[in-house]
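Chemist: here is my input; please provide its structure:
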Amino acid sequence: MLALIGPVGRTHNPAVHLREALVKGRFDSAQAPAVQALTEKAELLGPDVHIQTDDGDEVGGLTPWELFDENDACQALALAEEAVTLAVQIIQ
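Modeler: Numbering: from 1, shown residues only. Model (predicted):
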């Protein structure tokens, strides 16, 4: 998705780049709603969640397994599947 707008750097927060591209008009009007929806999904699984799934809550002394349960995993998977569907719509 990000490769459509330029070189892809390493990021754990693609929503920032997608939002910026929307503001700059880098996507056509037909793509914009799907890009906006994709951006919102990326924000829900942003860098804070990424850190917690890898490292847990170091201050609270909780492991990722104590922070997230099967329901959280199912919700994250559903968001990811929706994001893939949106990305496919955008690039086609």
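Chemist: residue 52 against residue 65, yeah?
Modeler: No: applying Cβ atoms under 8 Å as the test, residue 52 and residue 65 come out as separate, 11.1 Å apart. No exception for glycine: its C-beta is placed from N, CA and C like everyone else's.
Chemist: ok, and for the longest helix that the chain contains, which residues are buried?
Modeler: If you go by DSSP state H, the chain has its longest helix at helix 70-91. For helix 70-91, a neighbour-count test (16 or more other Cβ atoms under 10 Å) marks 83, 86, 87, 90 as buried.
Chemist: any idea how far residue 4 is from residue 90?
Modeler: Going from residue 4 to residue 90 by Cβ to Cβ, to the nearest Å gives 7 Å.
Chemist: just to revisit the earlier point, residue 52 and residue 65 - which one has more neighbours?
Modeler: residue 52 (16 against 9; other Cβ atoms under 10 Å).
Chemist: in space, what's closest to that one - neighbours in sequence excluded?
Modeler: residue 67 (5.5 Å; Cβ to Cβ, 6 or more residues apart in numbering).
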